[in-house]
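S.K.: quick one, fold the following:
(one chain, ligands or ions: 2)
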Amino acid sequence: MPEHLISIADLEDGQLESLLELALELQARPEAHRRTLHGKSIGLYFEKSSTRTRVSFEVGMGQLGGQAIFLTTRDLQIGRGETIADTARVLSRYVDMLMLRTFEHSTVVEMARHATVPVINGLTDELHPCQALADLMTVHREFGELRGRRIAYIGDGNNVAHSLMIACARAGVDFSIASPPGYAVADKYLELARGLAAGKGAGIETGSDPQAAAAGADAVYSDVWTSMGQEKERKQRLADFEGYTVDDDLMARAKGDAIYLHCLPCHRGEEVTASVVDGPQSRVFDQAENRMHTQKAVMLRLLDHA
Ligand code: CP
Ligand code: NVA
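M.R.: Ligands and ions are numbered 1, 2, ... in the order given. This next block holds a predicted model:
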């Protein structure tokens, strides 16, 4: 395993698959690692809101026998100007691992540079690697072998899209994305993913036509149009993303047994209709559950305990 999990690209060949295998084992036999991390702790630092990430890390660490400590900007001296570097050095003396959810991606990178314990990216403005692990686990649970499958992502080329694209490339899963003009994935992550995908024989297709992206896909994915920190752009985004709602017609373009995925929280009537997210093809609550299994696997591996 790498020292930190900042991006899925940090995982070397085979490590992603191996993490998913461990997560599947943890789901099947939760008693297997009941006390493995007894006496260990993780600090969970949030600059943004969270339901899934916070609770799945807290409960997951508890299930492994360890302790999680919830921290926010408001409570820490970071909010009063203590540097990230000093915070990293101090927290490293108390806890065995750190997880961060921040606005700036550079905050997580800076924390990892100065921490002497593993750092996990729990979402930044650019990436959401923990989500991508749960996404692939969900597809794996549904279809078995990941290679040769295709995930279609409809909407904003955001943090979730970046990590999912990189994870697909790593795992040899084809990825097609349709975003409105001006909302495409960042070039640096596209190049990174294309480089990884080439070695796996996987394809990455970008464009702006949702129908073309969804055609023949095994899974159709969408995320909110306005991410945390972009609230002021909401009105503009609602207009710009018109036509990018995943509805029954779009799902009908995908394979007959295709599933629908969303990292949640979702906005029914915007990036997805209620009929799809609450319908028979939706796996969004399994996906949310899988956050916990995959993150338990990450914590065990980063501490070299599995
Ligand atoms: N998907 C996800 O990260 O959810 P939260 O924002 O609730 O943590
Ligand atoms: N793209 C969303 C994901 C939330 C889990 C956001 O950053 O707000």
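S.K.: please, where are all the helices along this structure?
M.R.: 15-28, 52-63, 84-94, 105-114, 129-143, 159-171, 187-198, 210-214, 234-240, 248-253, 274-277, 284-302 (DSSP state H).
S.K.: what's the most buried one of these?
M.R.: Among these, helix 159-171 has the highest mean neighbour count (mean count of other Cβ atoms under 10 Å), at a mean of 27. C-beta: built from backbone N, CA, C; applies to glycine.
S.K.: other SSEs contacting that one?
M.R.: helix 15-28, helix 129-143, strand 150-154, strand 174-178, helix 187-198, strand 204-207 (3 or more Cβ pairs under 8 Å, 6 or more residues apart in numbering; DSSP states H and E).
S.K.: please see if that helix touches ligand 1.
M.R.: No - Helix 159-171 stays clear of ligand 1 (Cβ under 6 Å from any ligand atom), getting no nearer than 7.7 Å.
S.K.: equivalent analysis for stretch 50-58, please.
M.R.: Yes - judged by Cβ under 6 Å from any ligand atom, stretch 50-58 and ligand 1 are in contact via 50-53.
S.K.: turn the helices and strands packed on helix 159-171 into CSV, columns for mean pLDDT and distance to residue 246.
M.R.: Putting those into CSV (pLDDT from 0 to 100; distance: least, Cβ to Cβ, whole Å) gives the following:
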stretch, mean pLDDT, distance to residue 246
helix 15-28, 97, 25
helix 129-143, 98, 15
strand 150-154, 98, 5
strand 174-178, 98, 10
helix 187-198, 97, 22
strand 204-207, 98, 16
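S.K.: how about JSON lines for the ones you listed, with distance to ligand 1 added?
M.R.: As requested, these are exported to JSON lines (distance: least, Cβ to the nearest ligand atom, whole Å):
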{"stretch": "helix 15-28", "distance to ligand 1": "16"}
{"stretch": "helix 129-143", "distance to ligand 1": "5"}
{"stretch": "strand 150-154", "distance to ligand 1": "14"}
{"stretch": "strand 174-178", "distance to ligand 1": "18"}
{"stretch": "helix 187-198", "distance to ligand 1": "18"}
{"stretch": "strand 204-207", "distance to ligand 1": "22"}
